[in-house]
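*Asks:* have a look; sequence and predicted model below, questions after that.
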Amino acid sequence: MTAPNTAEARVRLHVEDTGGDGAVVVLIHGWPLSGASWQAQTTALQDAGYRVIAYDRRGFGQSDKPATGYDYDTLSDDLADLLDSRDVRDATLVGFSMGGGEVARYVARHGTARLAKVVFAAAIPPFMMKTADNPEGAMTPSAEADMEAGLKKDRAAFFDQFTRTFFSVDGELKVTEAQRQAAITLCHQSDPNAAVQCMHAFSETDFRDDLNKVDVPALILHGDADVIVPLEHSGALTHARIPGSELVLLNGAPHGCNVSHAQAFNDALLAFLKK
């Protein structure tokens with residue numbers, strides 16, 4: 001049983017809020033990065049007149065790094081606290097990779113009264129772990145154990161290899177080396193315990209029932225060459241589970257598609273926001 005987000009469990013989140021009177025877009029980053037990974041989207045959205053809120057998940061970036069609270073119930077409650085404290089209304093939630101889980105669990109726990117739309121970008125739902133009743137899962141217990149071992153043995157080596165896979169297609173890096181190094185810097189801002197616990201959370205959490213509760217327009221945005229969260233095990237299944245959802249594929253894009261294919265990513269996101 002997961003712990004509720006009580007006053008004791010709440011933490012200080014680092015939030016970047018562009019302000020203004022435009023419609024609100026809330027950006028929820030992937031693992032093990034921070035809100036700074038959304039730079040290309042923040043600029044494009046702000047230029048288009050939107051108010052952009054990007055925050056660092058607890059345990060990552062410049063947010064507090066408590067010992068506990070890395071389950072999706074608590075993480076989605078952190079998001080709810082953020083929206084409530086700023087009285088955000090008619091917002092679009094954009095969850096990248098692990099952040100897609102927060103979008104799904106927020107809807108399930110808190111409803112859509114504050115939301116206009118949702119976006120699942122290279123996102124982990126419906127359910128990463130391959131089980132007897134989820135043969136479509138892309139994660140296996142042995143792969144999860146290998147990730148934990150790598151994180152605990154040598155974080156620097158793990159993040160170096162992870163970012164190469166994150167931004168590559170068939171071994172070819174689709175971003176500049178400077179962009180990859182910037183991502184590595186963000187990875188190292190993560191708390192070691194938070195990184196491990198969140199890895200278990202995104203690997204093991206079942207969002208299938210959560211997705212059934214999405215009742216606002218939804219965009220699924222995914223690179224068709226993503227090997228970390230493969231389309232056929234995630235985005236395609238989420239699209240099938242949410243009636244009326246829109247699926248946009250980014251041709252030749254790896255997992256880190258918001259950086260490698262920033263223009264195409266932003267074009268698809270802005271087109272969806274304008275509908």
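*Replies:* Noted; the coordinates are in hand.

*Asks:* please make it C-alpha for all contacts and neighbour counts, starting now.
*Replies:* Noted.

*Asks:* what about Asp146, neighbour count?
*Replies:* 12 (other CA atoms under 10 Å).

*Asks:* now Gln39
*Replies:* 14.

*Asks:* pLDDT (mean, whole number) over the helix or strand containing it?
*Replies:* Taking DSSP states H and E as the criterion, Gln39 maps to helix 39-47. For helix 39-47, the mean pLDDT works out to 98.

*Asks:* show me what it is packed against.
*Replies:* Packing partners of helix 39-47 (3 or more CA pairs under 8 Å, 6 or more residues apart in numbering; DSSP states H and E): strand 51-55, helix 257-260, helix 262-274.

*Asks:* let's see 10 Å
*Replies:* strand 24-28, strand 51-55, helix 257-260, helix 262-274 (3 or more CA pairs under 10 Å, 6 or more residues apart in numbering; DSSP states H and E).

*Asks:* pull the residues that contact that helix.
*Replies:* With CA atoms under 10 Å, 6 or more residues apart in numbering as the test, helix 39-47 has contacts from 16-20, 22, 24-27, 35-36, 48, 50-54, 258-259, 262-263, 265-267, 269-270, 273.

*Asks:* can you give me the pLDDT of Gly20?
*Replies:* So, for Gly20, pLDDT stands at 92.

*Asks:* next, count neighbours for it.
*Replies:* Neighbour tally, Gly20, other CA under 10 Å: 12.

*Asks:* distance of Val259 from Ala182?
*Replies:* Distance of Val259 to Ala182, given as CA to CA, to the nearest Å: 11 Å.

*Asks:* give me the more crowded residue out of these two.
*Replies:* Higher neighbour count among Val259 and Ala182: Val259, with 24 against 14, using other CA under 10 Å.

*Asks:* could you list every residue that touches the more buried one?
*Replies:* 37-41, 167, 174-176, 179-180, 253, 265-266.

*Asks:* helix/strand/coil for the nearest residue to Arg12 once chain neighbours are set aside?
*Replies:* Of all residues not flanking Arg12 in the chain, Asp64 sits nearest, at 5.5 Å (CA to CA, 6 or more residues apart in numbering). What DSSP: H, G, I helix; E, B strand; the rest coil gives for Asp64 is coil.

*Asks:* also Asp146?
*Replies:* Applying three-state DSSP: Asp146 is helix.

*Asks:* for it, what are its contacts?
*Replies:* Residues near Asp146 by CA under 10 Å, 6+ apart: Thr140, Lys152.

*Asks:* so which residues of the stretch 51-200 of the chain form strands?
*Replies:* 51-55, 91-96, 115-121, 168-169, 172-173 (DSSP state E, counting those that start in this stretch).

*Asks:* returning to that earlier point: drop anything exposed from the contacts of helix 39-47.
*Replies:* If you count burial by 16 or more other CA atoms under 10 Å, the buried members of the contacts of helix 39-47 come out as 18, 24-27, 35-36, 50-54, 258-259, 262, 265-266, 269-270, 273.

*Asks:* kindly reformat the strands of the stretch 51-200 of the chain as TSV containing distance to Asp160.
*Replies:* Output for the strands of the stretch 51-200 of the chain, formatted as TSV (distance: least, CA to CA, whole Å):
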stretch	distance to Asp160
strand 51-55	24
strand 91-96	20
strand 115-121	23
strand 168-169	12
strand 172-173	13
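
*Asks:* which one of those lies closest to Gln161?
*Replies:* Nearest of the strands of the stretch 51-200 of the chain to Gln161, taken as CA to CA: strand 168-169 at 10.6 Å.

*Asks:* now do that closest one, average pLDDT.
*Replies:* On average, strand 168-169 scores 98.

*Asks:* need the contact partners of it.
*Replies:* For strand 168-169, contacts defined as CA under 10 Å, 6+ apart pick out 162, 174-175, 224-227, 252-257, 260.

*Asks:* pull out the buried positions in the helix holding Gln39.
*Replies:* Gln41, Thr42, Ala44, Leu45, Gln46.

*Asks:* how about the residues you listed in CSV, adding distance to Phe120?
*Replies:* CSV is the format used below for these (distance: CA to CA, whole Å):
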residue, distance to Phe120
Gln41, 14
Thr42, 17
Ala44, 18
Leu45, 17
Gln46, 20
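
*Asks:* which parts of this protein are helices?
*Replies:* Using DSSP state H, the helices of the chain run over 39-47, 72-85, 98-110, 141-153, 155-166, 177-188, 192-204, 208-211, 235-241, 257-260, 262-274.
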